[in-house]
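Engineer: Sequence unavailable; structure follows:
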């Protein structure tokens, strides 16, 4: 028994020893055995390709202009480029243009510095690395490769990396002592010749409209490309009706109403004509004062007046009439809720000045009602809200009307103009239909009488009595409901929302760089426009 136990223990010991030795030795031999594995080559990432470079510039015309919604400047809109998201910020007015065929982007803007900038070196000093970084932040990598001053202008070159593609850009900036102007062009790296053509020609087409620059910078503009007159108004105002060559109607946030129109007249424009116009347009108007005005080469009269509405509410107004020549009179007529205001006696407001605020009561420190106070009986008093001095508002009305100007024809791109409405009827509709007296024949036609049945001799025949069904609404009389067709639609696109053309398609595998507007260090920065998020997007502003 003991021998068997020893034998079994010996066998188990030998077996465990063999296992340990094999576990240590076998991996050494396996390292020398070649292992065969299947190799999978990585898939090549798609590479976007550039469109062929533009070498013939004869098809790129610069004769059609773009007018910024502020009315402050115009710039040529090259053939093939579409407008993208013009913007207006405090002190900066910008517009971008894209071309989907050659993947190029144009940025143009003017800015009003808070401190005078009079030299090219001062312009260059405002374009710091921090300012430029803000304009290129939507790009993966950008680098300023060169900067120089040529002919009193700052010229900067850039290298840009966007979606693994290389782009180049050049920006030209200059000043006239009042505004800073900038034009930037971005093209693929194979489009150097196109960049040079655009940057050499576009800056010369950028022109500021100084006739309307005397009002706040961020005001919008209404320009009629047929009548060739322009007026600027606060951003909070709304355009109700607008079409080339037709009456433009705007409303303000405080109940103001402004109408701009052109009328033909065979009577010379004099003071009597101006007075008659006001009393005819507003029969219960009382003319307060009349003053002659001059706007460039045009002259006319400013008529201040007061009136009451049908509800008896007092109103004031001013109509400015300018002689447009060739038997035309251009009119801007403003009405606002205020009694006995003579705008001819109001001093013009300084566009650069900040409106003064007149509090309605003595200022009291504002307390937080939730905060504990030393005396629980003390009730927190909220300071009264300040109100705008009415004289400031009246001066603003005067500035608005003083921006009413006649302009030389501007050759605008038709795609950026509001649509032309259907012409109105030449004859105004009758508001009160004239009733038509029914005749015997009219009655007989609608009320047949049997000829073979004699009527009683004592029963009168109502031959001259109008039949009720015919007198309610005469079929041959204009009905008031037809007057709706003579009213222009109220959803006419506004000047600040000029319809944009559909972007031209681009190669599906080509990314497009976004566009943004440089901001000076001493003025608020303009909001950068959104960059395309797919490789098929057209260059955007």
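Structural biologist: Nice, I can see it. Owing to the predicted nature of the structure, the values given are computational and were not obtained by experimental measurement. Numbers count the residues shown, from 1 in each chain.

Engineer: From now on I want contacts and neighbour counts done on CA atoms only, so please keep to that.
Structural biologist: Noted.

Engineer: isn't there a helix covering residue 274?
Structural biologist: Yes. Assigned with DSSP: H, G, I helix; E, B strand; the rest coil, residue 274 falls within a helix.

Engineer: got the contact list for stretch 279-291?
Structural biologist: The contact list for stretch 279-291, computed with C-alpha atoms under 8 Å, 6 or more residues apart in numbering, reads 271, 275, 278, 301-308, 342, 344.

Engineer: if I look at residue 103, how far off is residue 188?
Structural biologist: Using C-alpha to C-alpha, to the nearest Å, we find residue 103 at a distance of 7 Å from residue 188.

Engineer: any shared contact partners between these two?
Structural biologist: By C-alpha under 8 Å, 6+ apart, no residue touches both residue 103 and residue 188.

Engineer: Just the buried ones among the contacts of stretch 279-291, please.
Structural biologist: 271, 275, 278, 301-308, 342, 344 (16 or more other C-alpha atoms under 10 Å).

Engineer: Okay, and residue 261 sits in which element?
Structural biologist: Element membership of residue 261 [criterion: DSSP states H and E] is strand 257-264.

Engineer: That strand - contacts with which helices or strands?
Structural biologist: Using 3 or more C-alpha pairs under 8 Å, 6 or more residues apart in numbering; DSSP states H and E, the elements in contact with strand 257-264 are strand 248-251, strand 328-336.

Engineer: strands paired with the last one, and their directions?
Structural biologist: Meaning strand 328-336. Strand 328-336 pairs in its sheet with strand 257-264 (antiparallel), strand 314-325 (antiparallel), by DSSP bridges.

Engineer: Export the helices and strands packed on strand 257-264 as JSON lines, with columns for mean neighbour count.
Structural biologist: Listed next are these as JSON lines, based on neighbours: other C-alpha atoms under 10 Å:
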{"stretch": "strand 248-251", "mean neighbour count": "20"}
{"stretch": "strand 328-336", "mean neighbour count": "22"}
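
Engineer: which residues does residue 298 form a beta bridge with?
Structural biologist: Counting by DSSP bridges, residue 298 forms beta bridges with residue 295.

Engineer: doesn't residue 406 make contact with it?
Structural biologist: Yes. Contact criterion C-alpha atoms under 8 Å: residue 298 and residue 406 qualify, at 7.2 Å.

Engineer: Now for these two: what residues contact both?
Structural biologist: With C-alpha under 8 Å, 6+ apart, residue 298 and residue 406 have common neighbours residue 324.

Engineer: Okay, residue 280 and residue 54: tell me how far apart.
Structural biologist: Going from residue 280 to residue 54 by C-alpha to C-alpha gives 60 Å.

Engineer: what's the strand holding residue 261 in contact with?
Structural biologist: 227, 245-251, 327-336.

Engineer: Quick check: residue 300 is in a strand.
Structural biologist: Yes. Counting by three-state DSSP, residue 300 is located in a strand.

Engineer: Looks like it contacts residue 293 (just checking).
Structural biologist: Yes. Applying C-alpha under 8 Å, one finds residue 300 in contact with residue 293, separated by 5.3 Å.

Engineer: which one of residue 298 and residue 406 has more residues nearby?
Structural biologist: Shown here are residue 298 and residue 406; by other C-alpha atoms under 10 Å, residue 406 has more neighbours (22 against 16).

Engineer: Which neighbouring residues are in contact with the more buried one, exactly?
Structural biologist: Counting by C-alpha under 8 Å, 6+ apart, residue 406 makes contact with 228-230, 295-296, 298, 324.

Engineer: Which residue is the nearest non-sequential neighbour of residue 102?
Structural biologist: Among residues not flanking residue 102 along the chain, residue 51 sits closest, at 6.0 Å (C-alpha to C-alpha, 6 or more residues apart in numbering).

Engineer: Run a quick neighbour tally on the one you found.
Structural biologist: Per other C-alpha under 10 Å, the neighbour tally for residue 51 reads 16.
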